[in-house]
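**Q** Provided below are the primary sequence and the corresponding predicted coordinates.
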Amino acid sequence: SATLTPKGKAQIRKIALIIQQVEKDIPSHVSWVLRIDGHTDSVPIYNQQFKSNWELSVARAMSVLKELEKNGIPAHRLAATGFGEHHPVYKGAPHAENRRIEIRLDTM
């Protein structure tokens, strides 16, 4: 699924507050972006909503991006990336831990 749960939305609100505090310490000449990376497990998906794990991973990243934007992170500071099943935490078998979002602060 790419739908955030209420608990997930609460976590994103906390992250947005932290980013807003960190932003104050980033020098104005530094161009930065908050990159949201979506991942899936290795089980292929194909349904009406998602035709591939790529699409699901991007949708997961977009759900988090939209929630961060709702919570005050400017759109020009956000980027969504989908990795599908290609960067698992655990290789060889599907694991729930491979279905995840990673958020990283990058310079541009």
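**A** Received, thanks.
**Q** So the closest residue to Val64 other than its chain neighbours, which state does it fall into?
**A** In this structure, Val64 finds its nearest non-sequential neighbour in Ile36, 4.8 Å apart by CB to CB, 6 or more residues apart in numbering. Where you see a C-beta, it was placed from the backbone N, CA and C, and this is true even at glycine. Per DSSP: H, G, I helix; E, B strand; the rest coil, the local secondary structure of Ile36 is strand.
**Q** okay, which residue of this protein is out on the far edge from center?
**A** In the chain, counting by CA atoms, centre = their mean, His29 sits farthest out from the average C-alpha position, at 25.4 Å.
**Q** did I read that right, it in a strand?
**A** No - using three-state DSSP, the assignment for His29 is coil, not a strand.
**Q** can you pull out the helices in the chain?
**A** When secondary structure is read from DSSP state H, the chain shows helices at 6-23, 53-70.
**Q** can you count the residues close to the residue lying closest to Ala59 once chain neighbours are set aside?
**A** Nearest residue to Ala59, sequence neighbours excluded (CB to CB, 6+ apart): Ala2, at 3.6 Å. If you count neighbours by other CB atoms under 10 Å, Ala2 ends up with 18.
**Q** you'd agree Ala2 is up against Lys66?
**A** No - counting by CB atoms under 8 Å, Ala2 sits too far from Lys66 to count as a contact (10.5 Å).
**Q** residue contacts, the residue nearest to Val64?
**A** Ile36 makes contact with 61, 64-65, 68, 78-81, 101-103, according to CB atoms under 8 Å, 6 or more residues apart in numbering.
**Q** Can I get those residues in TSV including pLDDT and neighbour count?
**A** As requested, the contacts of Ile36 are arranged in TSV below (pLDDT from 0 to 100; neighbours: other CB atoms under 10 Å):
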residue	pLDDT	neighbour count
Ala61	98	25
Val64	98	25
Leu65	98	23
Leu68	98	23
Leu78	97	20
Ala79	97	16
Ala80	97	21
Thr81	96	15
Ile101	95	20
Glu102	96	15
Ile103	96	16
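**Q** Kindly reformat those as JSON lines containing distance to Lys24.
**A** Formatted as JSON lines, the entries for those read as follows, by distance: CB to CB, whole Å:
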{"residue": "Ala61", "distance to Lys24": "26"}
{"residue": "Val64", "distance to Lys24": "22"}
{"residue": "Leu65", "distance to Lys24": "22"}
{"residue": "Leu68", "distance to Lys24": "17"}
{"residue": "Leu78", "distance to Lys24": "18"}
{"residue": "Ala79", "distance to Lys24": "21"}
{"residue": "Ala80", "distance to Lys24": "24"}
{"residue": "Thr81", "distance to Lys24": "26"}
{"residue": "Ile101", "distance to Lys24": "24"}
{"residue": "Glu102", "distance to Lys24": "24"}
{"residue": "Ile103", "distance to Lys24": "18"}
